[in-house]
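K.L.:
let me see the structure of the following:
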Amino acid sequence: MLPTPFYGDGALALDDVPRLVDFALAQGSAGVAALGLGGEASFLTPEERKEVAREVLRAVAGRAPVIVGCTAEDTATACALAAHAAGHGAAVVMVAPPNRAGISSAELEAHYSQVALAAQPAALMVQDAPSFLAVELGPALALRLAERNDNVRYVKTEAVPAGVKVSAMVEALQGRLAVFGGHGGLHLLEELDAGAIGTIPGTEVVDACVAIVAAHQAGRRAEAEERYRQVLPLLVYTFQSLPFFLACAKEVLRRRGALRATGLRIPGATLDGRALRGLERHARLAGYSW
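P.N.:
Numbers count the residues shown, from 1 in each chain. Have a look, this model is predicted:
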């Protein structure tokens, strides 16, 4: 997941988007994702989100499939964002449910069915993120959506405990949808063991996640475990809260040469001297130096 680059005053720093895209692809990422929770999408206006989507798709220029997050609190906005992303070449539109406690299953089905129609010809990835939102979709709803909408093809689950939830999703879907993990790669090895085909991590550790997935899929379990053990302390350190994670991710990307503008819009995202020293220590353990 690409972060959205901002200057210190909160203005979009779109000049950094090609640098981020090139970095992700150079690290072996099979695709590029933008405008999810890790992209501070909820802190952008719909027009800004369209700007970012256009810039990402322009920078990728057909080199890899692009996933564009189109989550919104109302169906009309989600449909407009999905239609825009698909119309500009996104391969997949990713949508989490409206963050509204008590929303009914029928309301969710209607919401997703309309977004799926608007997203055509792109595929739709359903994002189940109860760790961050007030709604858990679960496997039964994901299966119904897939059965009723031909372009619903993926689900990204960030429910916990990760292995249990991924396994339940995989078993219920029986191959109807491909399952991805989340949480920035924090539970990656457990998710892969449970049947996930991959993950959408933060861009700052995408090379580590690529190595883990490749080794796991090739049956090199010991190699996957070793790389996971190496990067895990960094993932645990940064994933203490969403604001802290975003601040850490942008700082690591700056130091790795993939990002110049490290401003944030999400409230509470600051790194003092102690936090930076901790980040540096864990990054070195993960094999990153600058």
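
K.L.:
give me the contacts around stretch 81-92.
P.N.:
Here stretch 81-92 makes contact (CB atoms under 8 Å, 6 or more residues apart in numbering) with 31, 46, 49-50, 53-54, 57, 62, 65-68, 70, 72, 93, 95, 115, 118-125, 153-154. C-betas here are computed from N, CA, C, even on glycine.

K.L.:
next, give phi and psi for Asp128.
P.N.:
Dihedral pair for Asp128: phi -100, psi 100, per degrees, to the nearest 10.

K.L.:
in this structure it contacts Ala142, no?
P.N.:
Yes - using CB atoms under 8 Å, Asp128 is in contact with Ala142, at 7.0 Å.

K.L.:
what's the overlap in contacts for those two?
P.N.:
What both Asp128 and Ala142 touch, as defined by CB under 8 Å, 6+ apart, is the set 155, 169.

K.L.:
what bits of the chain have low per-residue confidence?
P.N.:
By pLDDT under 70, the chain has no low-scoring segment.

K.L.:
please pick the buried ones from the contacts of stretch 81-92.
P.N.:
Using 16 or more other CB atoms under 10 Å as the burial test, those include 31, 49-50, 53-54, 57, 65-68, 70, 72, 93, 95, 115, 118-119, 122-125, 153-154 as buried.

K.L.:
which of those fall in helices?
P.N.:
49-50, 53-54, 57, 115, 118-119 (DSSP state H).

K.L.:
give me the nearest residue to Gly10, chain neighbours excluded.
P.N.:
Spatial nearest neighbour of Gly10, chain neighbours left out: Arg265 (5.4 Å); criterion: CB to CB, 6 or more residues apart in numbering.

K.L.:
next one: the one you found from Thr199, what distance?
P.N.:
25 Å (CB to CB, to the nearest Å).

K.L.:
tell me which of those two has more neighbours.
P.N.:
A direct count of neighbours by other CB atoms under 10 Å for Arg265 and Thr199 places Thr199 higher, at 24 against 15.

K.L.:
who touches that one in this structure?
P.N.:
180-182, 185, 188, 191, 209, 213.

K.L.:
mind doing that once more with 7 Å?
P.N.:
180-182, 185, 188, 191, 209 (CB atoms under 7 Å, 6 or more residues apart in numbering).

K.L.:
tell me the one of these nearest Val17?
P.N.:
Nearest to Val17 among the contacts of Thr199 is Cys209, at 20.7 Å by CB to CB.

K.L.:
got the contact list for stretch 281-290?
P.N.:
208, 230-231, 233-234, 237, 252, 255-256.
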